[in-house]
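Engineer: Build me a model from this:
(one chain, ligands or ions: 1)
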Amino acid sequence: MRISIIGSGYVGLVSGAGLSEVGHHIVCMDIDQARIDNLRKGIVPIFEPGLEDMLHENMRQGRLEFTSSMADALDGARVLIIAVGTPPDEDGSADLSHVLAVARSIGELIEKPLVVVVKSTVPVGTCEKVAEGIARELERRGLDINFTVASNPEFLKEGAAISDFMKPDRIIVGVENEEAEVLLRELYAPFNRNHEKLLCMDVRSSELTKYAANTMLATKISLMNELSNVAERVGADIEHVRNGIGSDPRIGYSFIYPGAGYGGSCFPKDVRALERTASQHGYQAELLKAVEAVNNRQKHKPFELLERHFEGHLHGRQVAIWGLSFKPNTNDMREAPSLVLIRALIEAGASVRAHDPEAAQEAASLLQGHEDFEVFDDPYQAAAGADALVLMTEWKLYWAPDFDLLYESMKNAVIIDGRNIWSPKIVRRRGISYYAIGRP
Ligand SMILES: NC(=O)c1ccc[n+]([C@@H]2O[C@H](COP(=O)([O-])OP(=O)(O)OC[C@H]3O[C@@H](n4cnc5c(N)ncnc54)[C@H](O)[C@@H]3O)[C@@H](O)[C@H]2O)c1
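Structural biologist: The predicted structure follows:
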C-alpha cells in the first residue's frame, strides 16, 4: 500500500520505518527542508535505538522516500497519515495550527479519493475540524472528491519506540465508516498476527483514549511522588512502600516509581490539554490540575535537597549532573526535569558540569549562552571536583558507578539520587552524603 506520512519527527519516522519494514511503500514528508535533506543522506535527526538501521535498510530497498513537497506526498497515496506536532498553546490547550495547516494543503492539492489518518495526539473533535478544513478547500476549488478522516493515536514510548511500533499492545482506530476500517485493518494486518490487537471505535472515543492513557500514567507518577513526600515527612521509605503496593495485582509494579517528576513531549502537554478540553466543556478536572501541580513541584525536589544540604549556600558551588534527557534511551530534552534543576542552580550562582550519553549536545544548544553550564564526555570527569552529584536520568551506565572513585575525586562527596536507583546503605558506606526521593 502506498502511504504518505506528514511530519517526520519521532512519530513520523518511527511509523515510516515500521510500515516500510513490513512492505508498504512510504513517503515521509516534512516542511523542514534541512531535515529532509539530511534524511535523504541517511542522517537521522533523533536518537532512538534501532531507528537509524531500519530507516537505512528500507531506503536501500526502495520502500522509503523523503520529500518536502505536499504534492509529491499526495501523489498516488491511498492513505495519508498526519504526524505533525501538537505543542501546547499559551493557555495549555493543544496548538492545532500544524494539523490544520496540513488539512488545508490536503484540500488544496488532493486529486483522488483518500483516507486521512490523524496520528498526532489531538483533542476530541479535531478529526472533524480536519475534515472541515479539507472540505472547505475542495469547495473553493469546486471539486467533489471522496475523502474520510480517521483517528489512529500513537502509543509508542520514546526509547523503545521501534519495538512498541512493531509489537503494539493495541492499535486504536476511530472511524466514521466501514471503508476506513477495512483500509486501516489492511494497513495494520502485519502487526496484528499474533492476536487481535486492533480496537475499532468511534472517532471521538479514539481521540480521548490517547489522552486517557497518558493522563492515567502521569497520575500514577504524581501519586507516587505525592506519597514520597509524605514518606519523607513521616520517616518511611517510599521504596518499601512501592514494593508493598506493587505486589497487589490490582496495582502492579509498572509506572509507580517516585522521582524528580515526569517530562517529555507528551505527559506534561497532554495532561494540560485534557484539562483545557474539560474546562472548555464546562468541567473543572481537579485531579488533572493536581497531577500537573504535583509534577511541577516535584521537578524542584533535587534543587531543594541540595539547598537543604548546603544550608542555602549554593553560590559558587559546582554541581555535577548525570543524565539530562527526560528519560533514558532518548536524546529528547523536551520538558526534561534536568532543565528545571540546571536553571535553578545557575540562578543561585552555582555552575553545572553535566554528562549524558546522548542528549549532551541537545542540552548544550538549549542552554547556549550559559557559561555556567558545561558538558563532559565522561561521567567521572563531570563529577571530578564537584561539590555534589545529582542523578537525573537513570541511563543504564549509571546504575553501578565506582563510588570509591566518586568519593575520592569529588570536592564534597554529596549525592542526590533523583531516580532512587542506588542503595542508600551501599553509597553511605563509602562516607558519601546520600539523599534520595522519599527515603530516609
Ligand atoms: N514523541 C512521542 O513519544 C509521541 C508518542 C505518541 C504520540 N505523539 C504525538 O505525535 C505528534 C508528533 O509528535 P513528535 O514527537 O513526532 O513531534 P516532532 O516535533 O518530533 O515532529 C513533528 C514534525 O512535524 C513537522 N511539521 C510541522 N508542521 C508541518 C507541516 N505543516 N507539514 C509537514 N510537516 C510539519 C515538523 O517540522 C517536525 O519535524 C504529537 O501530536 C505528539 O503528541 C508523540
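Engineer: wait, does the top helix by length along the chain contact the ligand?
Structural biologist: Longest helix in the chain, counting residues (DSSP state H): helix 203-234. No: Helix 203-234 does not reach the ligand (C-beta under 6 Å from any ligand atom); its nearest approach is 7.1 Å. In short, each C-beta sits where N, CA and C put it, glycine included.
Engineer: Please, where are all the strands along the stretch 251-400 of the chain?
Structural biologist: 318-322, 351-355, 373-375, 388-391 (DSSP state E, counting those that start in this stretch).
Engineer: I'd like the ones you listed as TSV, with mean pLDDT appended.
Structural biologist: Shown next, in TSV, are the strands of the stretch 251-400 of the chain (pLDDT from 0 to 100):
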stretch	mean pLDDT
strand 318-322	98
strand 351-355	98
strand 373-375	97
strand 388-391	98
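Engineer: Dump those to TSV, plus distance to the ligand.
Structural biologist: Listed next are the strands of the stretch 251-400 of the chain as TSV, based on distance: least, C-beta to the nearest ligand atom, whole Å:
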stretch	distance to the ligand
strand 318-322	23
strand 351-355	23
strand 373-375	22
strand 388-391	23
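Engineer: Mind listing what's buried along the longest helix of the chain?
Structural biologist: 203, 206-211, 213-215, 217-229, 231-232 (16 or more other C-beta atoms under 10 Å).
Engineer: picking up where we left off before, nearest to N295, of the strands of the stretch 251-400 of the chain?
Structural biologist: In terms of C-beta to C-beta, the element of the strands of the stretch 251-400 of the chain nearest to N295 is strand 388-391, at 18.0 Å.
Engineer: Buried residues, whatever helix or strand comes next after the closest one. List them.
Structural biologist: Going down the chain from strand 388-391, the next helix or strand is helix 403-409, by DSSP states H and E. Neighbour counts over helix 403-409 (16+ other C-beta under 10 Å) mark 403, 406 as buried.
Engineer: So in that sheet, which strands flank the helix or strand just after helix 403-409, and in what orientation?
Structural biologist: Downstream of helix 403-409, the first helix or strand assigned by DSSP H and E is strand 414-417. Paired neighbours of strand 414-417 in the sheet (DSSP bridges): strand 388-391 (parallel), strand 433-436 (parallel).
Engineer: now these in JSON lines, with mean neighbour count?
Structural biologist: Shown next, in JSON lines, are the strands paired with strand 414-417 (neighbours: other C-beta atoms under 10 Å):
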{"stretch": "strand 388-391", "mean neighbour count": "26"}
{"stretch": "strand 433-436", "mean neighbour count": "20"}
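Engineer: got TSV for the ones you listed, with distance to K41 too?
Structural biologist: Output for those, formatted as TSV (distance: least, C-beta to C-beta, whole Å):
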stretch	distance to K41
strand 388-391	36
strand 433-436	45
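Engineer: Out of the ones you listed, which gets nearest to I46?
Structural biologist: Of the strands paired with strand 414-417, nearest to I46 by C-beta to C-beta is strand 388-391, at 23.6 Å.
Engineer: Tabulate the CA atom coordinates of that closest one in PDB.
Structural biologist: Taking C-alpha atoms only, strand 388-391 is exported to PDB below (Å, rounded to 0.1, in the frame of the first residue of the first chain):
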ATOM      1  CA  ALA A 388      27.600  17.400  44.600                       C
ATOM      2  CA  LEU A 389      26.400  15.000  42.100                       C
ATOM      3  CA  VAL A 390      22.800  14.700  41.100                       C
ATOM      4  CA  LEU A 391      21.400  11.700  39.100                       C
END
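Engineer: Show me which residues of the protein are close to the ligand?
Structural biologist: Contacts of the chain with the ligand, taken as C-beta under 6 Å from any ligand atom, map to 6-12, 29-32, 35, 83-86, 98, 101-102, 120-121, 154, 156, 158, 265-266.
Engineer: Brilliant, that's me finished.
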